[in-house]
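**Q** generate a structure from the sequence data that follows.
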Amino acid sequence: MTSPASLTRRSLLGFTAAGLAAGLVPTPAAAATPRTGARVRLPAPTGPFAIGTVSARLVDRSRPDPWVPPLPYRELMIDVWYPAASDPGGGHRRAPYMAPGAAAHWDAAAPHGIPQGALDFAALRTHARQAAPAEARGGRRPVLLYAAGAGDPRTWGTTLVEELASRGYVVVTVDHTYESPGVQFPDGSVKDNGPLRAAIAEAQRDGTMSELLKKVLGVRVADATFVLDHLGSLPHGLSAIVDRGRVGMVGQSAGGVCAAETMYEDRRVKAGVDLDGTLELNPEPNGTNLLPVARHGLDRPFLLMGREGSDRTTEPSWRSFWSHSTGWKRNLTLRDSRHQTYTDLTTLLPAAGVDRATIEEKIGTIDPARAVTAQRAYVVSFFDRWLKGEDDGLLKRPSERYPENSRADGS
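**A** The predicted structure follows:
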């Protein structure tokens with residue numbers, strides 16, 4: 001069993017005990033006080049479409065909440081990002097990065113090296129317009145689910161999500177209630193991760209962490225499946241522009257694990273991307289805790305993107321997945337990157353006033369702007385090929401345009 005002291009030192013690579021415990025920190029009582037942190041801008045999306053976004057509460061009445069059993073239903077918050085009409089008209093303001101209550105909880109966690117109060121998450125604005133009219137021309141569009149890492153909010157991949165929406169995708173981001181640090185609902189209430197933190201403490205005492213990690217993954221997959229069930233009833237009339245026959249999923253860390261396992265269990269997911277998530281529970285050097293998707297592989301297209309030093313030759317679960325998968329596959333690595341390079345931390349941490357050593361520890365020595373550009377390019381190229389039938393050739397061979405990318409796929 002992992003010792004509590006080691007939990008803060010290990011990277012969040014997937015559904016590990018370290019990742020969950022390090023990500024689920026208590027929220028101080030003062031978390032709701034106003035912040036005066038720096039304001040920062042996310043990189044603008046580069047696609048041809050303006051983008052819009054709407055939020056919605058989904059309620060699954062077929063199951064009680066797994067973390068609060070007396071609650072007879074499971075409730076989730078989602079954001080839907082989509083191509084918007086080029087002239088959305090008045091009254092459609094730029095959407096906030098996070099709701100105020102969720103932002104307070106996230107800030108209080110001093111997430112991934114960002115000092116508490118250093119950034120004003122509530123004031124940060126996205127490039128999407130709230131409830132802007134959707135672009136109705138061009139027919140139905142492929143839809144993607146985005147899953148964040150363990151203990152991270154659904155907004156933690158906004159830089160990538162906005163790019164995908166600007167390229168013609170409808171993207172649904174999901175908060176896993178009681179795992180995310182703070183999920184704010186339309187009535188203003190905020191559900192924090194206290195129940196899961198209590199479950200982690202109990203599992204550490206009892207030596208049952210592997211069972212708990214299986215439950216966390218099972219909850220995430222069930223949440224994703226429930227969202228897939230509701231693609232025909234998205235808010236703002238967006239189901240009218242969604243092609244439910246062209247569904248993909250992408251996630252970072254535990255979100256990448258969830259993407260792979262959901263794809264394994266639900267054939268509605270036609271293509272998937274794992275951004276540096278190990279496909280096992282409590283990883284061991286010999287790969288003894290492999291997930292079903294790592295043991296059996298996939299028969300549909302899948303992209304593995306890893307940090308420096310992590311690829312199918314060094315990561316046992318990826319090696320097993322690779323050997324058992326019969327579908328199209330690629331394994332790429334961003335040179336000089338770290339685990340959180342595949343999140344918004346790449347943009348936000350340099351603006352938080354931290355020292356160079358912290359930046360290199362968290363996101364590596366790769367140039368942040370280049371990291372964003374390369375990640376966007378390869379993820380878009382992958383989904384364009386397999387959900388739109390448009391192949392730009394980027395995934396066929398090494399590219400001089402992206403020298404920071406290396407390959408471990410033998411092609």
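
**Q** give the contact list for the closest residue in space to H230 that isn't next to it in sequence.
**A** Leaving out its chain neighbours, the residue that sits closest to H230 by Cβ to Cβ, 6 or more residues apart in numbering is L58, at 6.1 Å. In this view, the C-beta of every residue, glycine as well, is placed from N, C-alpha and C. Contact analysis of L58 by Cβ atoms under 8 Å, 6 or more residues apart in numbering lists E75, L76, M77, I78, F226, V227, H230.

**Q** wait, a helix at the fifth one?
**A** So the one you mean is F226. Yes. Judged by DSSP: H, G, I helix; E, B strand; the rest coil, F226 forms part of a helix.

**Q** what about stretch 121-135, average pLDDT?
**A** On average, the pLDDT along stretch 121-135 is 96.

**Q** now do stretch 41-57
**A** 97.

**Q** buried set for stretch 396-411?
**A** Neighbour-count burial for stretch 396-411, counted by 16 or more other Cβ atoms under 10 Å, picks out S399, Y402, E404, N405, A408.

**Q** what does it rub up against?
**A** With Cβ under 8 Å, 6+ apart as the criterion, stretch 396-411 contacts 306, 311-313, 329-337, 366-367, 370-371, 373-374, 377-378, 394.

**Q** which helix or strand contains D107?
**A** Per DSSP states H and E: D107 is located in helix 100-108.

**Q** repeat that for R376.
**A** Judged by DSSP H and E, R376 forms part of helix 368-383.

**Q** can I get the buried part of the contacts of stretch 396-411 as one PyMOL selection?
**A** Remark: buried members of the contacts of stretch 396-411, expressed as a PyMOL selection using 16+ other Cβ under 10 Å:
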select buried, resi 306+311+312+329+330+331+332+333+334+335+336+337+366+370+371+373+374+377+378+394
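
**Q** picking up where we left off before, from the contacts of L58, which ones fall inside helices?
**A** Among the contacts of L58, DSSP state H puts F226, V227 in helices.

**Q** Produce a PyMOL select command limited to the buried residues of the contacts of L58.
**A** What follows is the PyMOL syntax selecting those of the contacts of L58 that are buried according to 16+ other Cβ under 10 Å:
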select buried, resi 76+77+78+226+227+230
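
**Q** would you list the contacts of L58 in CSV and tack on distance to A134?
**A** Formatted as CSV, those follow (distance: Cβ to Cβ, whole Å):
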residue, distance to A134
E75, 25
L76, 22
M77, 20
I78, 16
F226, 23
V227, 19
H230, 17
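
**Q** now flag whichever of the contacts of L58 is closest to L348.
**A** Relative to L348, the closest of those is M77; by Cβ to Cβ it sits at 21.2 Å.

**Q** now do the residue nearest to the closest one when sequence neighbours are not counted against D243, distance only.
**A** Nearest in space to M77, with sequence neighbours left out and distances taken as Cβ to Cβ, 6+ apart, is D175 at 4.7 Å. Separation of D175 from D243 (Cβ to Cβ, to the nearest Å): 25 Å.

**Q** these two - which one has more neighbours?
**A** Of the pair D175 and D243, D175 is the one with more neighbours under other Cβ atoms under 10 Å, namely 25 against 14.

**Q** thank you kindly, that will do.
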